[in-house]
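Peer 1: Any chance you could fold what I've pasted below:
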Amino acid sequence: MKETFQKVITRNTDKTEIQFFRYIFVGGVAFIVDFTSLYVLTDFFGIYYLYSAAAAFILGLVVNYFMSISWVFNKRKLNSKTIEFSVFALIGIIGLGLNEIFIWFFTDELNLFYLVSKILAAIIILFWNFFARKITLFN
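Peer 2: All right, here's what the predicted structure looks like:
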């Protein structure tokens, strides 16, 4: 049991299933930053929800990057951290575009509460982000 715990939690790994498990955790932390920022910016500062969603997504992206490179993915394709972060961010920007489309669609077209829309969008985008980053940067 302790061996399995160490393998999943602490050891470097190339196993996609363990990396995905870790990425879900990392994504959860980034989602909390994103979701909380969205709520605060929209409900406390009165910023239009799609603008808040973009700003909050970027905050979550930064948290996701630092946690991903330190815990999820141990092998890197690129030597330059600047280029690596740029590609990571580019994938995130595509994710941001998807995020905006899904939140808008679920909120304006399906009349869901914007925070419910955010949760649905985050679940969909989780898969895009993980596999795009694993294939392009950390395979």
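Peer 1: List the contacts of the host helix or strand of Met67.
Peer 2: Taking DSSP states H and E as the definition, Met67 sits inside helix 49-67. Outside helix 49-67, the residues within contact range by Cβ atoms under 8 Å, 6 or more residues apart in numbering are 26-27, 29-31, 33-38, 41-42, 45, 47, 85, 88-89, 92, 95-96, 99-100, 103-104, 107, 114, 118, 129. Where you see a C-beta, it was placed from the backbone N, CA and C, and this is true even at glycine.
Peer 1: how near is the nearest residue to Phe21 once chain neighbours are set aside to Thr16?
Peer 2: Distances taken as Cβ to Cβ, 6 or more residues apart in numbering place Val8 nearest to Phe21, at 6.5 Å, with adjacent residues excluded. Distance, Val8 to Thr16, by Cβ to Cβ, to the nearest Å: 13 Å.
Peer 1: returning to that earlier point: following the helix holding Met67, which helix or strand shows up next?
Peer 2: Taking DSSP H and E as the definition, the helix or strand right after helix 49-67 is helix 81-104.
Peer 1: Could I get the contacting residues of the residue nearest to Phe21?
Peer 2: Here Val8 is in contact with 18, 21-22 (criterion: Cβ under 8 Å, 6+ apart).
Peer 1: Inside helices: which ones of these?
Peer 2: Members of the contacts of Val8 lying in helices (criterion: DSSP state H): 18, 21-22.
Peer 1: Top of those by number of neighbours, please.
Peer 2: In terms of neighbours by other Cβ atoms under 10 Å, the ones in helices among the contacts of Val8 top out with Arg22 at 19 neighbours.
Peer 1: Let me know the pLDDT of the nearest residue to it once chain neighbours are set aside.
Peer 2: Distances taken as Cβ to Cβ, 6+ apart put Val72 closest to Arg22, at 4.5 Å, once the chain neighbours are dropped. pLDDT for Val72: 88.
Peer 1: Report the separation between Val72 and Asn12.
Peer 2: Distance, Val72 to Asn12, using Cβ to Cβ: 10 Å.
Peer 1: Comparing the two, which residue is more hemmed in?
Peer 2: Under the neighbour definition other Cβ under 10 Å, Val72 and Asn12 were set side by side, and Val72 has more, 23 against 10.
Peer 1: Can you list the helices and strands that the host helix or strand of Ile119 packs against?
Peer 2: Per DSSP H and E, Ile119 falls inside helix 114-136. For helix 114-136, the packing partners by 3 or more Cβ pairs under 8 Å, 6 or more residues apart in numbering; DSSP states H and E come out as helix 16-39, helix 49-67, helix 81-104.
Peer 1: Before I go, just wanted to say thanks for your time.
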